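>>> Quick one: sequence and predicted model below, then my questions.
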Amino acid sequence: MSANNDNRRNFVRFSLEQGVLRFGEFKVKSGRLSPYFFNAGLFNTGRSVGQLARFYAQALLDSGVSFDMLFGPAYKGIPLAAATSIALAEHPQIGDRDVPFAFNRKEAKDHGEGGTLVGAPLQGKVVIIDDVITAGTSVRESMQIIKAAGAEPAAVLIALDRMERAGNDQELSAHSAVQEVEQTYGIPVISIASLADIMAVLADDTTLAAHAPQVKAYRDRYGV
């Protein structure tokens, strides 16, 4: 599940402008040589994170998923949850609704309010927000936290779905990390954009067209 075409492709172009999405040859965590690299940590200014949050908010609203609040897993999800809740509060589609958010600490505090949770109480339908899904560890931990609080995980919201299978070249998994999450937990994964949207932008932009064959070959080899 993902946002509408305009939002998706505008996000790809925005990621290119910000240097978050780059083309070339990059060794990624899996050990593969990827023809593109997406590093959401490079959204690191007020203006860029503000725009990123508006893309997240639009993708979530476009999905039609019913939700009550956002949860940002430590650490990358923390600023994403905060910024996206602001973007939702300012979105004309949502009226005067004020969406709460919460996040977790990696280490429990033994003073003040204590515990590992910060922000609004986890209740109702909760959307987990993160940058990407790789091994799914962050999602699994977030699901446990949300369920332990008596709330209901509603969806996972990410920036980019790489649409590729895990494993080495001899033993590729049957599904992508995103598909594994959807099948394991029975909730949708909403992405602002995907590899398919990157390829659509490459096809439309003559200045980027030279990268298209390498990206297509990579998707043919590893894609779902």
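Perfect, thanks for sending it. Numbers count the residues shown, from 1 in each chain.
>>> Just list the residues touching residue 184, thanks.
Applying C-beta atoms under 8 Å, 6 or more residues apart in numbering, we find residue 184 in contact with residue 136. Glycine gets a C-beta too; all of them are placed from N, C-alpha and C.
>>> mind checking which helix or strand it is in?
Secondary structure from DSSP states H and E places residue 184 in helix 177-185.
>>> So what's the gap between that helix and the chain middle?
With C-alpha atoms, centre = their mean, to the nearest Å as the basis, helix 177-185 stands 14 Å off its chain's centre.
>>> buried residues in it?
177, 178, 179, 180, 181, 182, 185 (16 or more other C-beta atoms under 10 Å).
>>> can you redo the residues you listed as a markdown table with pLDDT and distance to residue 68?
Output for the buried residues of helix 177-185, formatted as a markdown table (pLDDT from 0 to 100; distance: C-beta to C-beta, whole Å):
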| residue | pLDDT | distance to residue 68 |
| --- | --- | --- |
| 177 | 90 | 26 |
| 178 | 94 | 23 |
| 179 | 94 | 26 |
| 180 | 93 | 26 |
| 181 | 93 | 20 |
| 182 | 95 | 21 |
| 185 | 95 | 18 |
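>>> Kindly indicate which of those lies nearest residue 199.
Nearest to residue 199 among the buried residues of helix 177-185: residue 178, at 16.6 Å, using C-beta to C-beta.
>>> Does the closest one touch residue 164 like I think?
No. At 9.5 Å, residue 178 and residue 164 do not qualify as touching, with contact defined as C-beta atoms under 8 Å.
>>> just to revisit the earlier point, how about a markdown table for the buried residues of helix 177-185, with distance to residue 95 added?
Output for these, formatted as a markdown table (distance: C-beta to C-beta, whole Å):
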| residue | distance to residue 95 |
| --- | --- |
| 177 | 35 |
| 178 | 31 |
| 179 | 34 |
| 180 | 36 |
| 181 | 30 |
| 182 | 30 |
| 185 | 30 |
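>>> Which of those sits closest to residue 72?
For the buried residues of helix 177-185, the nearest to residue 72 is residue 181 (16.5 Å; C-beta to C-beta).
>>> So which elements touch whatever helix or strand residue 201 lives in?
Assigned by DSSP H and E, residue 201 belongs to helix 195-204. Counting contacts by 3 or more C-beta pairs under 8 Å, 6 or more residues apart in numbering; DSSP states H and E, helix 195-204 is packed against helix 5-17, helix 212-222.
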